[in-house]
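> build me a model from this:
(chains A and B)
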Amino acid sequence: MSNKKTSINIILAATTLVTGIASAEDIELDLFHRWPNEPIRSFIADRVAEFERQNPGITVNIDQVLNDSYKDKLRVILGSSNAPDVFFSWSGEFGNNLVRNGTVRSLEGFLEEDQQWLEDNILLSQVDPFEYEGEVYGLPWQMNGKALFYNLDAFNDVGLDLPDTYQDILASCDTFRENGYIPVVFSSKEHWAISHWVGTFNERLVSPSVIETDYQRESGRFTDPGYVRALEELEHMVTQCANDFPNATDHSTERSMFIAGRAAMNFLEYGEIRYLEEDADFAWDSTNFPPFEDGKGNQNTMQGAPEGYMIAEKSEHPEAAYKLVKFLTSGETARQSTAVTGFISPAVGAVTPETASENQVAAAEQIAEADGMHLWLDNALDIRIVNTYMNGVQLMLDGQMTPSEVMADVQEAAAEVREVASR
Amino acid sequence: MNIARKYGSLIYVVPAALITTVFVYYPLLLNFIYSFYEFSAISPGKVFVGWSNFKELLHDEAALISLLNNVKYILISVFFQVILSFIIAAILEDRFFRKVSPFLRVLYFVPVLLSVTIVAFIFQFFYDPVNGLINQSLAAVGLDSWRQPWLGSSDTAIYAVIAISQWQSMGYTALLFIVSLQTIPKDLYEASSLEGASKVQQFFHITVPQSKEIILVVLIVTVAQSFTVFGEPYILTGGGPGYSSSVLATYLYENAFNQDRMGYASSIAVVVFFLTMAVLAVQLKISKTGERS
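Alright, predicted model coming up:
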């Protein structure tokens, strides 16, 4: 009896000890990203499950919210005591703003030890946009770019060659209209969708040195006439070439109209290639947005930016969080990512004919052929300027404001931002 | 014993008072304090800026547009949700409509059961400029020139949004009125009929005066809701194009969570609070509520 009791006690003590050790080592991480939609949501969940399998003792809770709501929610949650350990972020001003406010942990300490892994795994050009004042704060897991997509059947149908310049696009619009096509399908209901057009037009029409100064919070003035010209061109293009009611059209409707074969051209992200591959019944191709014949800006840069993961400053488990970031941005994840999600991965050797479709490989080549990337305008500028800018463009397309009036408002917003930045 | 009698009632009051203080008055007080600071949700500290947020608000064109849109919301909502809804309730309660009244009451009440989000999404399809029911119907009867980008034009967006609120809320206010109308003594109508009063005379001289209290309640609720409306404009237009369909609540949200200007957003909230209180005070004063004649 006594022996039996002793044995039970020993077992209980051992169990308590083991449980105690295990719970001391157990780490719970929170991951917050912006893809509640499939197949990306499941892909991330699967990869996280694999991460948990490879790292016993680490559990990852996943939460996700779609795009614009994600931006709003992330800002609030990072300031709270419930900040996620690892979170998705855009590079550029969106991420910089988080860094400036001390909510993001620098990865420098980790990367010093992992320099070789970084060079072997990720295209360094895609890491640069995550740098702020000389330190890296995030690692990219997708690189994205915006390109002009052509409905080749529509071009064959009307007997036109693909445009070499922006002026060629304008010249083709009447022909497409006469043949029942929307020349360029366009939507301006969402700010981000407009910002991609404005960002590209600015890049082509305004001198790079001016843009470099103006896109900084501390020095932005937006007085160059090229900005007004960019809006005039956009207004002209929408009037002459786009569908009716752009302010009432959202981007998914715009893309659906293109996929339905009703339009000849559409300005889409490479990340949207999978929609075309699945549903478009016509031959299509893509190219970097054509140059403006008389533009003073860069004619062969591409709008886009890497997007990736950061670690919250408040994370209590930065080492484990870094492990997760490394896992999500590693070559192994990347090779599967391109095939499943359609994202163009920035991992070295991830986009090959073996791992990606022909179109995705072509997209990666187009990104490589561009003379560099310029950030999404809505992520490059301070949010106050973005709101003023895009609200103004909406009203301009509604006939309520002129391009000069829009830029006057932008200049005013830039002055306010300069003042805030100088404090 | 006396003490227990004296303070015993506090047991019933304290929990409610405590909850209200913690969840209503304390945040309200904090909001007043925050409106004198400049800070973001993620910034480590707050900068005291005095009245600067309120001064900026006075010259903020977008805030003015938002306020005017709230005023439009109020005027239209009062017409539909109070006046028209009351008339509908009176008609439904008339003997002539007794047979179809239950069916119509259910019909009018169904939209109330739907969430704002679902209603907004349904109406997005109605308002779609290309494939939407409204524009397609206009085209079908040869009124192509009447087709509009309902949610995409700064001339129509706010009215398109307001229309949805009326569609959804009229059934609710009508139901409140019906319940109230059912408490009016029938002999008043019978006596007036014997005296030769018409239906219209009965409506103005019996129904309206007897329903003064409920009309006031519905009026207060409608005005308060119109001042704080958020869901419909946020989901349908996000306040656009530009700020043409923005209301104070969406403008507040944009400043707080999009532009990350928490202090400025707090000052907008303070303005909304005082405007709502002022309207409430005026309504109570005019109607002299509680002094039932």
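> next, the residue nearest the centre of chain A: secondary structure please.
Nearest to the mean C-alpha position of chain A, by C-alpha atoms, centre = their mean, lies A:Glu307 at 5.1 Å. Here A:Glu307 is strand, with the state taken from DSSP: H, G, I helix; E, B strand; the rest coil.
> ok, it - contacts?
By C-beta atoms under 8 Å, 6 or more residues apart in numbering or on different chains, the residues touching A:Glu307 are A:88-91, A:140-144. Just so you know, the C-beta spots here come from the backbone N, C-alpha and C atoms, and that holds for glycine as well.
> and these, which is closest to chain B?
Chain B has its nearest neighbour among the contacts of A:Glu307 in A:Ser89, at 12.4 Å by C-beta to the nearest C-beta.
> now the host helix or strand of the closest one: buried residues?
Take DSSP states H and E as the rule and A:Ser89 turns out to sit in strand A:86-90. Using 16 or more other C-beta atoms under 10 Å in any protein chain shown as the test for burial, strand A:86-90 gives A:86-90.
> need the residues that contact that strand.
A:29-34, A:70, A:74, A:78, A:95, A:98, A:104, A:138, A:305, A:307-312, A:315, A:321, A:324-325, A:328, A:376, A:379.
> and the next helix or strand past that strand?
Taking DSSP H and E as the definition, the helix or strand right after strand A:86-90 is helix A:93-100.
> now the next helix or strand after that following helix - C-alpha only, PDB.
Counting by DSSP H and E, the next helix or strand C-terminal to helix A:93-100 is helix A:108-113. C-alpha atoms of helix A:108-113 as PDB (Å, rounded to 0.1, in the frame of the first residue of the first chain):
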ATOM      1  CA  GLU A 108      19.500  44.600 -37.200                       C
ATOM      2  CA  GLY A 109      20.500  42.500 -34.200                       C
ATOM      3  CA  PHE A 110      19.100  39.400 -35.900                       C
ATOM      4  CA  LEU A 111      20.300  40.100 -39.400                       C
ATOM      5  CA  GLU A 112      23.900  40.700 -38.300                       C
ATOM      6  CA  GLU A 113      24.000  37.000 -37.400                       C
END
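> CA atoms of the helix or strand following helix A:108-113 as CSV?
Heading C-terminal from helix A:108-113, the first helix or strand you meet, by DSSP H and E, is helix A:115-121. Output in CSV follows, covering the C-alpha atoms of helix A:115-121 (Å, rounded to 0.1, in the frame of the first residue of the first chain):
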residue,chain,number,x,y,z
GLN,A,115,23.6,38.1,-43.1
GLN,A,116,24.5,35.1,-45.1
TRP,A,117,21.0,33.6,-44.9
LEU,A,118,19.6,36.9,-46.0
GLU,A,119,21.9,37.2,-49.0
ASP,A,120,21.2,33.6,-50.0
ASN,A,121,17.4,33.8,-49.6
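> can I get the strand with the most length in chain A as PDB, trimmed to CA atoms?
In chain A, with assignment by DSSP state E, the single longest strand is strand A:138-151. The C-alpha coordinates for strand A:138-151 follow below in PDB (Å, rounded to 0.1, in the frame of the first residue of the first chain):
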ATOM      1  CA  GLY A 138      10.900  44.200 -41.900                       C
ATOM      2  CA  LEU A 139      11.500  41.400 -44.400                       C
ATOM      3  CA  PRO A 140       9.600  41.100 -47.700                       C
ATOM      4  CA  TRP A 141       7.400  38.100 -48.500                       C
ATOM      5  CA  GLN A 142       6.000  39.400 -51.800                       C
ATOM      6  CA  MET A 143       7.000  41.900 -54.300                       C
ATOM      7  CA  ASN A 144       4.300  43.500 -56.300                       C
ATOM      8  CA  GLY A 145       4.100  45.800 -59.200                       C
ATOM      9  CA  LYS A 146       1.500  47.600 -61.300                       C
ATOM     10  CA  ALA A 147       1.400  46.900 -65.000                       C
ATOM     11  CA  LEU A 148      -0.800  47.700 -68.000                       C
ATOM     12  CA  PHE A 149      -2.600  44.500 -69.100                       C
ATOM     13  CA  TYR A 150      -3.800  44.100 -72.700                       C
ATOM     14  CA  ASN A 151      -6.700  42.100 -74.000                       C
END
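> what's that strand packed up against?
If contacts are counted by 3 or more C-beta pairs under 8 Å, 6 or more residues apart in numbering or on different chains; DSSP states H and E, strand A:138-151 sits against strand A:263-269, strand A:284-287, strand A:302-311, helix A:318-329, helix A:331-341, helix A:358-369.
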